[in-house]
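Q: Sequence below, structure please.
(2 chains)
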There are 2 protein chains.
Amino acid sequence: MVIIIGGGFGGLQAAKFLGKYPETFDVVVFDRRNYHLFQPLLYQVATAGLSPADIATPIRAALSQYKNISVRMEEIKKIDAQNKTVSSDQALFKYDYLIAACGAGHSYFGKDHWEEFAPGLKTLEMATEIRRRILCAFEAAEKEALEENQQKYLNFIVVGGGPTGVEMAGAIAEISRQTMNRDFRRLNPEKTRIFLVEAGARILNSFHPSLSQSAETDLKSLGVEVLTNTLVTDINAEGAKLKNQNEEKFVVAQTIVWAAGVKPSPLNATFGTSLDKGGRLIVNQDLSVAHFSHTFAVGDQVHFELSPQKVLPGLAPIAIQQGRRAAENILRLQQGKKTKNFTYLDKGQMATIGRKLAVMEFHGFKARGLFAWLAWMFVHIYYLIGFKSRTLVMIQWAWSYMTFARGARLITKKDWHENS
Amino acid sequence: MVIIIGGGFGGLQAAKFLGKYPETFDVVVFDRRNYHLFQPLLYQVATAGLSPADIATPIRAALSQYKNISVRMEEIKKIDAQNKTVSSDQALFKYDYLIAACGAGHSYFGKDHWEEFAPGLKTLEMATEIRRRILCAFEAAEKEALEENQQKYLNFIVVGGGPTGVEMAGAIAEISRQTMNRDFRRLNPEKTRIFLVEAGARILNSFHPSLSQSAETDLKSLGVEVLTNTLVTDINAEGAKLKNQNEEKFVVAQTIVWAAGVKPSPLNATFGTSLDKGGRLIVNQDLSVAHFSHTFAVGDQVHFELSPQKVLPGLAPIAIQQGRRAAENILRLQQGKKTKNFTYLDKGQMATIGRKLAVMEFHGFKARGLFAWLAWMFVHIYYLIGFKSRTLVMIQWAWSYMTFARGARLITKKDWHENS
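A: Sure thing, here's the model as predicted:
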């Protein structure tokens, strides 16, 4: 019995590999969700460009062709690698091989009470909550009788200048400048202010500095105020306190989005082996965990050293490649062979800022603007189809995205009861 | 100033009419939601066939071309037709003309505590809650270690044999028989039982008896157990008690859907004029309310007597026609003309049961089976495009529907917080 925990990029890839050996393996995939999420496009849900179902597919459906795989919607709470068991609140399961692909959540750096005022962007529920907040802010501004009171609704703060933060800030700017412009009567889109707050010296710091600069210029052209070297020192219901070397000031804002720290799955702690200071599980070169040769871990939850000082970041292509290698190593062990070390095939990186605005780099090649944006579109559509296998969704999505139609501008409530 | 309360079929139609007279009218549309909902397809959201955004469009977007119309997302709590004002919790608004198009919610016939166990199908939130329950039931059954304990998850009860109930029961049957069949390993689709409970002598009682019979036969062919002359006498967390002339028995079921009683908007009570025994506002032949010649009401919330004994039901085509007539009458009053009575252009009625299964009637013409289903598809797609103006959504939808791909099978949580 092979157990895979998590139906994200890493887990799904591993399952598909093992699904090809029905004679050799029985596989169970555990996930507390019933769907695989195409996280790179989650910001599109948060900004009303796509519907949740456009970027999610049931794990069962993705794996239904493999008759040796079953899927359980159940949260694993503990891993006991010594005794080769995993357990949920209801039951304990024995495994011969394990692949932990549990991903990561958000870290508020010890300030967990900020979450209420600044939701992160890790799940569909969070994305629809952010969407609700953004859309409600415009509605509230439109209703506000006094123009001077509108500003708190028209200020948006995005914390974190990585790809997600850049994409969010750019998308909010586009909504306010274009989509919303024609639908509201009392809003002056010029009054919308979007602050992208980054603690480091530049945004997109995993990219070449010239691309960080290019992204910053593009964001500014969309009206985003990029605040680098700026720390968030407090967040409450009224806004956020921002501090740079010169001053500390409070910015009023109803809508704050958290795109900063990442916190690996709490399951890491149950291994009883070494974690890095970010809480990621340190894995061996073949992706096995410590001295447990039958237990593997992949993706955002792990710390994999490509070379001394070079730790792989949490990116979908890396999770996919690791998932495949872990599954392959399980097959090798089963065949009595030695495991193979993980080698990373660099797929480059890209981030989109807005329509016709993106940056990308690939093995030293750098691009920006329309070309990078088209490449971004192509790559995301390609992978999205790969996992949804629904060409029409792809067409619809590309079309909506290109025409700026934000088709999913729904403010849904948290509670379904009639009079809530 | 013309105030329209409600952005449903009636209100939107009225607004579009008045939007053509920017010189004459300033219009404000109030709605507590930011979107117009295509309610006839809500059951498709509840059964994971469509996404919420596929059947909803922002009211602002639908009306953005009319510069004399503004939209406020705000719930009106009181209408004072005597003084020509409406008020929300925050403010009071004066009107010259009013169109109340507030719709209806669900009635549990005094048993409001049943709602928790048997959500109705009136809002997107309710539809996604029902979807969550249906999908979770299959997940729970798959996980259940003891086969004899699976049954409560595989029993589904739909209360109410009108079009919505019939559509829900048929769609659940199709999910269990077809879509789910290939994705689960431990479920025997034959064990799924769907009970459609109707208090009257036949389902679809607004249709010709031969079509009721046809629909019942079709439902049975899909595996639905149609229980006519059967009352629901209790609903709790374990299931529902059903009573017919012979016996009263308790059916265990985790998933119960309410598609029975309708309760018009509570705003009806604030007019201080006559309501019928169902709580609907009795309107004059020109759709004005009592002796308030500048105050109109349309759609599901009103009681309109086509002729003595013949009261119009709550259907989208009727709300649309009434909305238009009420708006026209406002224009006539403004021009110093007499109002015109409402005359109903019968658009017939239709209900779908499943793939290639539907019933329809139109001025005495009756159809069933493939022809009726194609007609149903055509009519719904036609109206959906009319209001979404997005051809690609239409193609996607028709395609998904025809291929049985249920693309929106997401179990989302009620709470967005990470560790909820």
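Q: hey, let's count contacts and neighbours off CA atoms from now on
A: Noted.
Q: Quick check: phi and psi on the residue lying closest to residue A:105 once chain neighbours are set aside?
A: Of all residues not flanking residue A:105 in the chain, residue A:263 sits nearest, at 5.0 Å (C-alpha to C-alpha, 6 or more residues apart in numbering or on different chains). Main-chain torsions, residue A:263, degrees, to the nearest 10: phi -130, psi 120.
Q: pretty sure residue A:263 is in contact with residue A:109, am I right?
A: No: the criterion here is C-alpha atoms under 8 Å, and residue A:263 misses it with residue A:109 at 9.1 Å.
Q: In terms of neighbours, single out the busier of those two.
A: residue A:263 (17 against 11; other C-alpha atoms under 10 Å in any protein chain shown).
Q: do you know how far that one is from residue A:197?
A: Noted for residue A:263: a distance of 19 Å to residue A:197, by C-alpha to C-alpha, to the nearest Å.
Q: mind listing the helices for chain A?
A: Using DSSP state H, the helices assigned to chain A run over residues A:9-18, A:42-46, A:59-63, A:124-143, A:147-154, A:163-174, A:209-221, A:316-334, A:369-388, A:391-403.
Q: Out of those helices, which is closest to residue B:143?
A: Ranking those by distance to residue B:143, with C-alpha to C-alpha as the measure, places helix A:59-63 first at 13.3 Å.
Q: Does anything pack onto that closest one? Which helices or strands?
A: Secondary-structure packing of helix A:59-63 (3 or more C-alpha pairs under 8 Å, 6 or more residues apart in numbering or on different chains; DSSP states H and E): helix A:9-18, strand A:35-37, strand A:69-73.
Q: so where's chain A shaky on pLDDT?
A: For chain A, applying pLDDT under 70 flags the ranges A:385-420.
Q: returning to what we had before: closest to residue A:178 out of the helices and strands packed on helix A:59-63?
A: That would be strand A:35-37 among those, by C-alpha to C-alpha, at 28.1 Å.
Q: For the stretch 51-200 of chain A, which residues are neighbours of chain B?
A: Neighbours of chain B within the stretch 51-200 of chain A, by C-alpha under 8 Å from any C-alpha of the partner chain: A:51-54, A:56-58, A:60-61, A:63-64, A:70-73, A:105, A:119, A:123-126, A:129, A:139, A:142-143, A:182-185.
Q: Confirm for me that residue A:152 is in contact with residue A:240.
A: No: using C-alpha under 8 Å, residue A:152 is not in contact with residue A:240, being 11.3 Å away.
Q: Throw the helices and strands packed on helix A:59-63 into JSON lines and include mean neighbour count, thanks.
A: Output for those, formatted as JSON lines (neighbours: other C-alpha atoms under 10 Å in any protein chain shown):
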{"stretch": "helix A:9-18", "mean neighbour count": "25"}
{"stretch": "strand A:35-37", "mean neighbour count": "24"}
{"stretch": "strand A:69-73", "mean neighbour count": "22"}
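Q: Output the helices of chain A in JSON lines; the columns should cover distance to residue A:32.
A: Shown next, in JSON lines, are the helices of chain A (distance: least, C-alpha to C-alpha, whole Å):
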{"stretch": "helix A:9-18", "distance to residue A:32": "13"}
{"stretch": "helix A:42-46", "distance to residue A:32": "18"}
{"stretch": "helix A:59-63", "distance to residue A:32": "11"}
{"stretch": "helix A:124-143", "distance to residue A:32": "13"}
{"stretch": "helix A:147-154", "distance to residue A:32": "35"}
{"stretch": "helix A:163-174", "distance to residue A:32": "24"}
{"stretch": "helix A:209-221", "distance to residue A:32": "36"}
{"stretch": "helix A:316-334", "distance to residue A:32": "19"}
{"stretch": "helix A:369-388", "distance to residue A:32": "19"}
{"stretch": "helix A:391-403", "distance to residue A:32": "26"}
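Q: closest one to residue A:286 among the ones you listed?
A: helix A:316-334 (7.4 Å).
Q: Determine the number of other residues adjacent to the residue lying closest to residue A:348 once chain neighbours are set aside.
A: Computed as C-alpha to C-alpha, 6+ apart, the closest residue to residue A:348 that is not its neighbour in sequence is residue A:362, at 4.2 Å. When neighbours are defined as other C-alpha under 10 Å, residue A:362 has 12 of them.
Q: got a list of what residue A:362 touches?
A: For residue A:362, the contact set (C-alpha atoms under 8 Å, 6 or more residues apart in numbering or on different chains) comprises A:346, A:347, A:348, A:349.
Q: same question, residue A:216
A: A:203, A:226.
Q: Hmm, residue A:25 is touching residue A:3, no?
A: No: the criterion here is C-alpha under 8 Å, and residue A:25 misses it with residue A:3 at 10.1 Å.
Q: higher neighbour count, these two?
A: residue A:3 (25 against 19).
Q: From residue A:304, how far off is that one?
A: Look at residue A:3 and residue A:304: by C-alpha to C-alpha, they are 21 Å apart.
Q: mind checking how far residue A:311 is from residue A:374?
A: Counting by C-alpha to C-alpha - residue A:311 and residue A:374 are separated by 29 Å.
Q: out of these two, which sits in the busier spot?
A: residue A:374 (17 against 12).
Q: how close does the closest residue to that one other than its chain neighbours sit to residue A:151?
A: Spatially, and ignoring its direct neighbours in sequence, residue A:374 is nearest to residue A:356 (7.4 Å; C-alpha to C-alpha, 6+ apart). From residue A:356 over to residue A:151 the distance is 29 Å, taken as C-alpha to C-alpha.
Q: How about residue A:55?
A: Note on residue A:55: its distance to residue A:151, by C-alpha to C-alpha, is 33 Å.
Q: So which of those two has more stuff around it?
A: More neighbours surround residue A:55 than the other of residue A:55 and residue A:151, with 24 against 19 (other C-alpha under 10 Å).
Q: ok, that one touching residue A:37?
A: Yes: counting by C-alpha under 8 Å, residue A:37 is a contact partner of residue A:55 at 6.1 Å.
Q: Count the residues that sit near residue A:68.
A: 20.
Q: Hmm, residue A:29 and it touching each other?
A: No: at 10.8 Å, residue A:68 does not count as touching residue A:29 under the criterion of C-alpha under 8 Å.
Q: From what I see, residue A:11 and residue A:99 are in contact.
A: Yes: Residue A:11 is within contact range of residue A:99, at 7.4 Å (criterion: C-alpha under 8 Å).
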